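1. Task: produce atomic coordinates for the following.
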Amino acid sequence: KTYQGSTRVIVPTLRSSLAAGEDLRLKIVALAAGPPSEVWLWWRPLGTGSFAPVPVRHIARSVYEARLTASQIAARDFEYYVEVVPAERIRIRFPSTAPALNQSVVLMGASLPVH
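-> Sure, this is the predicted structure:
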């Protein structure tokens, strides 16, 4: 009844687009032999700036939830990755190419800047 494999991060539903004004809600499954010491969602506007952490809430067993609000997103396309730090302190990321290549989200119906 306990997981004995190597630590894995699973995001069951990937969102590549959101409606303008919609929050990003992510369910995260962190499979590990024991509870991870840390679980983070890191995000930034698409291709610019530093990544900012978003609090992740423990739901049950190995399931966590992260929420990036529409006000944080501020009608901008963005990118994110998930980071799990198990007891062994080896950071596991989703996608595995993060933070160089991340999951991108495009906002639909957002007004474009006028130049």
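2. use CA for all of it now, contacts and neighbours both
-> OK.
3. Sketch out the low-pLDDT regions of this structure for me.
-> 110-115 (pLDDT under 70).
4. can we see that at 90?
-> Applying pLDDT under 90 to the chain picks out residues 1-7, 32-37, 55, 61, 75, 86-90, 109-115.
5. Let me see the ranges of the strands in it.
-> 8-10, 17-19, 24-31, 38-45, 52-54, 56-60, 63-68, 78-85, 92-94, 103-108 (DSSP state E).
6. List just the one of these that sits closest to residue 1.
-> Across the strands of the chain, residue 1 has its closest neighbour in strand 24-31 (12.5 Å, Cα to Cα).
7. ok, the closest one: who's next to it in the sheet?
-> strand 8-10 (antiparallel), strand 63-68 (antiparallel) (DSSP bridges).
8. So which of these is nearest residue 98?
-> Comparing the strands paired with strand 24-31 by Cα to Cα, strand 8-10 comes nearest, at 12.5 Å.
9. picking up where we left off before, let's have the strands of the chain in TSV, adding distance to residue 2 and mean neighbour count.
-> Converted to TSV, the strands of the chain look like this (distance: least, Cα to Cα, whole Å; neighbours: other Cα atoms under 10 Å):
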stretch	distance to residue 2	mean neighbour count
strand 8-10	14	16
strand 17-19	35	16
strand 24-31	10	20
strand 38-45	19	21
strand 52-54	28	15
strand 56-60	14	14
strand 63-68	14	17
strand 78-85	18	23
strand 92-94	19	20
strand 103-108	30	18
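10. Can you say which of the strands paired with strand 24-31 is nearest to residue 19?
-> Here strand 63-68 is closest among these (Cα to Cα), at 13.3 Å.
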